[in-house]
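# Sharing a sequence plus its predicted fold:
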2 protein chains.
Amino acid sequence: MKIAVDAMGGDHAPEALIEGALLAGPQCSADILVIGNEARLSSLLAHSGDSTSLKVVHAPQVIGMGEAGPMALRRKREASLTIAMRLLAENEVDAVVSAGNSSAVVSAARHLVGLIPGLRRPAMAVPLPTPSGKLLLLDAGAHAEATAIHLAQSAVLAHCYLKIEEGLNRPRIGLLNIGHEPAKGNRAVQRAFALLRRCSLEFTGNVEPNDLFAGKVDAVICDGFVGNVLLKMYEGFSETVCRFLESLANHDGRDFSGGAGRILERFRRDYHYEFVGGAPLLGIRKTVVAAHGRSRATAIANAIRLACRLQEARVFERLAGIVEEDGALTELRHQNTLLMIDQLKDKWGFAHR
Amino acid sequence: MKIAVDAMGGDHAPEALIEGALLAGPQCSADILVIGNEARLSSLLAHSGDSTSLKVVHAPQVIGMGEAGPMALRRKREASLTIAMRLLAENEVDAVVSAGNSSAVVSAARHLVGLIPGLRRPAMAVPLPTPSGKLLLLDAGAHAEATAIHLAQSAVLAHCYLKIEEGLNRPRIGLLNIGHEPAKGNRAVQRAFALLRRCSLEFTGNVEPNDLFAGKVDAVICDGFVGNVLLKMYEGFSETVCRFLESLANHDGRDFSGGAGRILERFRRDYHYEFVGGAPLLGIRKTVVAAHGRSRATAIANAIRLACRLQEARVFERLAGIVEEDGALTELRHQNTLLMIDQLKDKWGFAHR
């Protein structure tokens, strides 16, 4: 198995990427290709004292964190990310890991590698730690805007992914909203609610953000703007709690009888959000894992290990298979049409079918 | 001073409302009117053993939590909320507190009491506890959708409110977004960024949710959907941390040397989000405070005390004065037109002015 790592993407590129790849190397059964400026990467590898375990592929261009994805993709055909995705499309590698500009990662994966047929766009899936286990959040930031059908398609992806990954027969899917009632939220969410209620997924209705920790759903669906806000809020709050506990631990002995340090350790283990696994880009036909732009070496190594595991279990391939077999996307399209007809009937005062 | 409490709104109405009003009564210098079903309220008051300190005003109807605000307002002219707002509009009372259906509270305040001239809609402002003090979040849920001009007007409200309430000369206003770059986020947010950058407010640019705790801004602007998600996520996470500490405190002595209990106490004091004050509905011409639907008696009492304090300091009245005096809304309108012209010029390829 071969995994391509976009070594030039991310806030700490290329150092963190190379270090992460070197960390992950011995623990996963894949050959790792690092893609980027050859001179720079080779010198980093030479410095690390391990210049043989990674293969360097030269890429003359870099897509910056501030560029618009689709535009960058068209203009920079020789960027590290573009080359990595092209290698994946041509079966030269089996998986791609990138911590770069997420809009560019999404565009490149979608246009160079391709989507599951019938799907309109991929969704980034992130498992949030909660007291009752992991909760899958998607879309966690692939697209800043979403219509009802995009949201409903994400629900289908979540359903099929959890079936494969967690072995759940009927994963419970919730729609993120600011109230339980069907009329709550913005228009896209209201319509997604109506649509999902008609489908055969295990749709549990609207979920408020404070209920995410209650273990009532296995996955929660929202647009990428809200999902990214939620994720970063989680990150910020968990860091704040860690710093709060740290400050107590520092003048501990006296006030907290040495407990704060141990509590901090426990909290970090259970809740500290270090993007341990990276986020699979669900809906792409081959294995693509996006890592947080801020990732340091450990997080990168974890993302590479995740890509390795997902590819070993052929999760992306099986996902495409299940989505097609299930017929859920077709059902969704059908229900969307029926919903439109019913809404027109309501509007023009015809009797309901 | 007289404060009207909508005794029928909220998940725990009317019991929590009556109990809260009785709690708040002795600590604030206002007469409290509780509005709702007279028979029910009087019997609750008789049971409480204090049937004289609150004045009951009869309202035969109730607006439910699931109803659409504007519709409920038109249909239920004799609902507790509608009557409370009418009393405020007619100067029979000086402030209204409601924990009811927030969409109905917003509609009623807007249409019966009125907005500051030039403003398109009110915004709910909630102070979030952070390590570096309170951070004003708005809109925290008054409207589920927002255009760029709505977002920019919220920034003006935040600016003027913080000037009055916190005595800040140039409060730092951030725009909630999923990245720092101007091109990040959905269209409304991108356009709001361009608009705010042209205004004379102290606009610090995009703020990511994980940076909210870093004390870089005094207020953060977002639409009501995102704001409400953020708020409820805060609530859920802080409750989760409390439960985490509680569970450690329970088998404490052995493992955490008695520290967990004291840490829990400290965390609760600093971060537990109990909606301590309710949220002022900024932009309304008179004092309106919305409380969380889940509020229990203590939270209701706090909301009533907040209304009392805001009315004593004439905050809503001064806010209307400052907004008009400042000319910020006029400037915004002007800049919005210029932005539109510039964008058209870009689109059609004319040279820039």
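Yes, it's here. Residues are numbered from 1 along each chain as shown, chains lettered A, B, ... in the order given.
# Counting neighbours, what do you get for the closest residue to chain B within chain A?
Closest approach of chain A to chain B (Cβ to the nearest Cβ) occurs at residue A:259, with a separation of 2.2 Å. All C-beta atoms are positioned from the backbone trio N, CA, C, and that covers glycine. Applying other Cβ atoms under 10 Å in any protein chain shown, we find 25 residues neighbouring residue A:259.
# Pretty sure residue B:259 is one of the things it touches, is it not?
Yes - using Cβ atoms under 8 Å, residue A:259 is in contact with residue B:259, at 2.2 Å.
# Spatially nearest residue to residue A:316, not counting backbone neighbours?
Spatial nearest neighbour of residue A:316, excluding adjacent residues (Cβ to Cβ, 6 or more residues apart in numbering or on different chains): residue A:287 at 4.8 Å.
# and that neighbour, what is it in contact with?
Counting by Cβ atoms under 8 Å, 6 or more residues apart in numbering or on different chains, residue A:287 touches A:88, A:94-96, A:280, A:307, A:310-311, A:315-316.
# From the contact counts, what lies against the helix or strand containing residue A:196?
If you go by DSSP states H and E, residue A:196 is part of helix A:187-197. Helix A:187-197 sits against helix A:148-165, strand A:172-176, strand A:202-207, helix A:328-348, with contacts defined as 3 or more Cβ pairs under 8 Å, 6 or more residues apart in numbering or on different chains; DSSP states H and E.
# Repeat the analysis, applying 6 Å as the threshold.
In terms of contacts (3 or more Cβ pairs under 6 Å, 6 or more residues apart in numbering or on different chains; DSSP states H and E), helix A:187-197 is packed against helix A:148-165, helix A:328-348.
# Please identify the most buried of those.
helix A:148-165 (a mean of 24; mean count of other Cβ atoms under 10 Å in any protein chain shown).
# Can you report how many residues neighbour the nearest residue to residue A:38 once chain neighbours are set aside?
The shortest distance from residue A:38 to any non-neighbouring residue, by Cβ to Cβ, 6+ apart, is to residue A:58 (3.9 Å). Neighbours of residue A:58 under the rule other Cβ under 10 Å: 14.
# Residue A:209 now?
Neighbourhood size, residue A:209 [other Cβ under 10 Å]: 26.
# give me phi/psi at it?
In terms of degrees, to the nearest 10, the main-chain angles of residue A:209 are phi -60, psi -30.
# What lies in contact with the strand or helix carrying residue A:88?
Using DSSP H and E, residue A:88 sits in helix A:80-89. Contacting residues not belonging to helix A:80-89 are listed as A:4, A:6, A:8-9, A:35-36, A:59, A:63, A:93, A:96, A:98, A:100, A:104, A:108, A:112-113, A:286 [Cβ atoms under 6 Å, 6 or more residues apart in numbering or on different chains].
# Among these, name the ones in helices.
A:104, A:108 (DSSP state H).
# So which of the contacts of residue A:287 wins on neighbours?
residue A:96 leads the contacts of residue A:287 on contacts (other Cβ under 10 Å) with 32 neighbours.
# Retrieve the pLDDT associated with that one.
We have a pLDDT of 97 for residue A:96.
# okay, the helices and strands packed on helix A:187-197 in a markdown table with distance to residue B:266 and mean pLDDT next?
Shown next, in a markdown table, are those (distance: least, Cβ to Cβ, whole Å; pLDDT from 0 to 100):
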| stretch | distance to residue B:266 | mean pLDDT |
| --- | --- | --- |
| helix A:148-165 | 38 | 96 |
| helix A:328-348 | 48 | 90 |
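# And those: which comes nearest residue B:20?
helix A:148-165 (37.8 Å; Cβ to Cβ).
# Turn the helices and strands packed on helix A:187-197 into TSV, including distance to residue A:84.
Output for those, formatted as TSV (distance: least, Cβ to Cβ, whole Å):
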stretch	distance to residue A:84
helix A:148-165	23
helix A:328-348	28
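# Residue A:247 is nearest to which of those helices?
When those are compared by Cβ to Cβ, helix A:148-165 sits nearest residue A:247, at 37.8 Å.
# Alright, that wraps it up for me.
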